[in-house]
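Undergrad: make a model of this:
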Amino acid sequence: MSDFTQFSERYKVLAQQYKSMYPTLEIDIDGELIKLKDYVERVQPMVRDGVHFMYEALHGPPKNILVEGANAALLDIDFGTYPYVTSSNCTVGGEVGELLQTRGKEVGVTTGRKRRCANQEVLQRVDVQYETLPGWKSDTSAARSFEDLPENAQSYVRYIEEHVGVPRSLYPRSPPLPRLLPSSSSSSSSAAVQLQ
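TA: Okay, here's the model as predicted:
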C-alpha cells in the first residue's frame, strides 16, 4: 500500500456507505485506520517485487525455492484452459496489465474497480516458438523414482529443466494418489512426500 492517505479516503467513503445501509452499524473509522496503518508499517518491510525476488533467488547464491503449482499458467484467465481458470491473471501478462493499470490510473469511473489492460506492443513483440516432444502411453503410477519413468517422460522433464534453467528436486506424479518423487539429482536428505 504505497498511498495510505488515498486508502484512508476510500476506506472512509466505504464505511459511510455501509453505515447508511445499516444505520445500527457502529464503526470507529479513525480507530480502525490507526490499526490498519500499524499493520501496513509492520507488513511493508516484508513486501517485495515477486519477479525481481525470484530472479535474484534463481541467479544469485543457491537457495531452496518451493513452487506452489495450483496457480500455474493454465489457470490464468487470459491464457489458461477455459473454463478451468481462476478469475485473475497469474502469469506475467497479469503483471504487465497491473503495471498499466497503476501507471495509467485505469479504473472504472463508477465502480472504482480495476480495468483489464493488456500491452499490445509487448504482446506483438513476442516470438512464440513451439517445440513438439514425443509422448508416452505407459502407466506411471508405479514410478517411485525418476529412473522408473518412461524414457520420453524423463526426456520431457529434462527439457523443461534445461529451458527453465533450474534443476528439479521434486516433481509431481499421480494417480492413484498425488506424490512428489525425488529426482536422482536431489540431495540425499530429500525424500518422497505423499500428499493426502
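
Undergrad: longest helix of the chain?
TA: For the chain, the helix with the greatest residue count under DSSP state H is helix 4-21.

Undergrad: buried residues, stretch 139-154. List them.
TA: 143, 146, 149-150, 153-154 (16 or more other Cβ atoms under 10 Å). Yep, even glycine has a C-beta here, placed from its N, CA and C like the rest.

Undergrad: what mean pLDDT does it have?
TA: Stretch 139-154 shows an average pLDDT of 86 in the prediction.

Undergrad: same check, this time on stretch 78-92
TA: For stretch 78-92, mean pLDDT is 71.

Undergrad: repeat that for stretch 159-174.
TA: 75.

Undergrad: need the strands for the chain, in chain order.
TA: 170-173, 179-182, 193-194 (DSSP state E).

Undergrad: want to throw the buried residues of stretch 139-154 into CSV with distance to Asn64?
TA: Formatted as CSV, these follow (distance: Cβ to Cβ, whole Å):
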residue, distance to Asn64
Ala143, 24
Phe146, 19
Leu149, 23
Pro150, 28
Ala153, 25
Gln154, 23
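
Undergrad: out of the residues you listed, which comes closest to Leu133?
TA: Minimum distance to Leu133 across these is 10.0 Å, recorded for Ala153 (Cβ to Cβ).

Undergrad: what about the nearest residue to that closest one once chain neighbours are set aside, distance to Glu162?
TA: Leaving aside its sequence neighbours, Ala153 sits nearest to Trp136 (Cβ to Cβ, 6 or more residues apart in numbering; 5.3 Å). According to Cβ to Cβ, to the nearest Å, Trp136 stands 19 Å off from Glu162.

Undergrad: now do the contacts for Ser8.
TA: Contact partners of Ser8, counting by Cβ atoms under 8 Å, 6 or more residues apart in numbering, are Leu33.

Undergrad: would you mind measuring from it to Leu33?
TA: Here the criterion is Cβ to Cβ. By it, Ser8 lies 5 Å from Leu33.

Undergrad: just Gly135 next, same as before
TA: According to Cβ to Cβ, Gly135 stands 57 Å off from Leu33.

Undergrad: so for these two, which sits in the more crowded spot?
TA: The neighbour count for Gly135 versus Leu33, taken as other Cβ atoms under 10 Å, is higher for Leu33 (16 against 9).

Undergrad: now stretch 53-65 - C-alpha only, CSV.
TA: C-alpha atoms of stretch 53-65 as CSV (Å, rounded to 0.1, in the frame of the first residue of the first chain):
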residue,chain,number,x,y,z
PHE,A,53,12.9,-11.5,-5.9
MET,A,54,12.6,-14.8,-7.8
TYR,A,55,15.2,-13.6,-10.4
GLU,A,56,17.7,-12.9,-7.7
ALA,A,57,16.9,-16.2,-6.0
LEU,A,58,17.5,-18.2,-9.2
HIS,A,59,20.6,-16.3,-10.4
GLY,A,60,22.3,-15.4,-7.1
PRO,A,61,23.7,-17.6,-4.3
PRO,A,62,21.9,-21.1,-4.3
LYS,A,63,18.6,-21.1,-2.4
ASN,A,64,15.8,-23.6,-2.0
ILE,A,65,12.7,-22.5,-3.7
